[in-house]
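**Q** Return a 3D structure for these sequence lines:
(one chain, ligands or ions: 2)
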Amino acid sequence: MTGRAGPYVRKVPSGRDGLWASSRPRLARLDIELTERCGNDCLHCSVNRPAGDAGARAREWTAGAWLDLLKQAADLGCLVVRFTGGEPLLRDDFEAVYRGARGLGLRVMLFTNATLVTPRLARLLRDVPPLEAVEVSAYGMAAESYEAVTRAPGSFAAFRRGLGLLREHGVPVALKGAYLPPTRRELDELEAWAAQVTGSPDPPPSALLFDLRSRRDGAKNALIAGLRISGDEFVRVARRRGEAVLDEWRGFCARSGGGGGDRLFHCLPEGRSAAVDAYGRLQHCLPLRHPGTVCDLGAGSLREAVTGFLPRVRELRATDPAYLERCGRCFLRGLCEQCPAKSWAEHGTLDTPVEYFCGIAHAQAVAAGLLAPGEKAWTVADGAERAKRRRRP
Ligand code: SF4
Ligand code: SF4
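**A** Ligands and ions are numbered 1, 2, ... in the order given. Sure, this is the predicted structure:
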């Protein structure tokens, strides 16, 4: 953005005037799962271990190790770090890691349930601002619904107290909901309240689709699968605010331009982002835990992982005949949540189509007028053209 500038700063349009031309970052954003542990035990959570899990705590990287990694990330041109979990504020050294990130000039995205926000932390976030809104999960509008999701007595009061501290200290927050059996009837109330809290006219995003556990530790997956809504209900909820969403869906299909053949990764432009779990294992994104796509940073540098390992992962190809027959020829690719991480969580492979996401995408396509009921997207040769023709002028 151009504009008036002070004596020490020259503002230039990003992407032009050579701002990135000679020094494009090798890694724009780094996601760090500081811990798998959390004080809540949410019905739908695909990550968490108990807060008191001593084995998990013992394996987590230390603050010193994170600070070293953040320095390496900054050296690669990284601009943003996202701290998530589990619940990142469970770490009693969170403040040191946070200060280290901001000291390196990194913007900080913090994902939290807010239950552990203290007056000290709120002051820190006021005095050393993260430069991104703190993203707070809001699992219900009342103790009854909230704690039916979190399964942690007292968590609603702790959440409201933590959120109140952030607001009192003027820390910008963004809220996120989850469309779950105990909270479905509260969606309108959540959206009205979120507008008051954040001052934003845009409704908070609510998760409608739920992933199985990416660590494939099984016991909870039947519970998570039972929380999933049908394609028709997904469409109904997505259309609550009007039909513009249908045109967005047509746009995704028009832009994706048809099936991707045996190419697996469509989501990961080089240099955009990488993720590291609580134990220092680097992945393209946190749910992608197939052993062939994970690199131990204890055995090498971040630069080697980002410039050597990740590009090799991006080149992996699909071999599953069902994938090649369906996803490889499907014009709904830009709409569909199917990806290697989802295949991994559901099937333990990188390339098995996930029927749940397939059904959701087909319901969206029918609603958008791109498929007839019962028609299969991979049998349609001119799907992207259909999407372009049906877009609003
Ligand atoms: S608060 Fe977040 S990390 Fe904790 S159990 Fe719930 S969804 Fe999982
Ligand atoms: S809609 Fe079905 S066939 Fe198409 S990409 Fe998604 S999972 Fe694959």
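
**Q** residues from this structure in reach of ligand 1?
**A** 38, 40-42, 45, 47-48, 85-87, 113, 137, 150 (C-beta under 6 Å from any ligand atom). Quick note: C-beta positions are derived from backbone N, CA and C, even for glycine.

**Q** give me that answer again for 5 Å
**A** Cys38, Asn40, Cys42, Cys45, Asn48, Asn113 (C-beta under 5 Å from any ligand atom).

**Q** and of those, the nearest to ligand 2?
**A** Nearest to ligand 2 among the residues of the chain next to ligand 1, counting by C-beta to the nearest ligand atom, is Cys45 at 23.9 Å.

**Q** Just give the closest residue to that closest one, not the sequence neighbours.
**A** Once flanking residues are discounted, Cys45 sits nearest to Cys38: 7.2 Å by C-beta to C-beta, 6 or more residues apart in numbering.

**Q** Smallest gap between the stretch 51-200 of the chain and ligand 1, at which residue?
**A** Closest point on the stretch 51-200 of the chain to ligand 1, by C-beta to the nearest ligand atom, is Asn113, at 3.9 Å.

**Q** how much space between that residue and Ser155?
**A** 8 Å (C-beta to C-beta, to the nearest Å).

**Q** Grab the nearest non-local neighbour of Arg317.
**A** Arg317 sits nearest to Asp262 (C-beta to C-beta, 6+ apart), 4.4 Å away.

**Q** wouldn't the one you found be in contact with Leu316 here?
**A** No: in this structure, Asp262 is not within contact of Leu316 by C-beta atoms under 8 Å, at 9.5 Å.

**Q** Please enumerate the shared neighbours of those two.
**A** Residues touching both Asp262 and Leu316 by C-beta atoms under 8 Å, 6 or more residues apart in numbering: none at all.

**Q** ok, now which ones touch the residue nearest to Cys45?
**A** Cys38 neighbours (C-beta under 8 Å, 6+ apart): Cys45, Val47, Asn48, Arg49, Pro50, Ala51, Gly85, Gly86, Glu87, Leu90, Asn113.

**Q** What count of nearby residues applies to the fourth one?
**A** Around Arg49 there are 20 other residues, counting by other C-beta atoms under 10 Å.

**Q** just the first one next, same as before
**A** One way to gauge burial is a neighbour count; for Cys45, by other C-beta under 10 Å, it gives 22.
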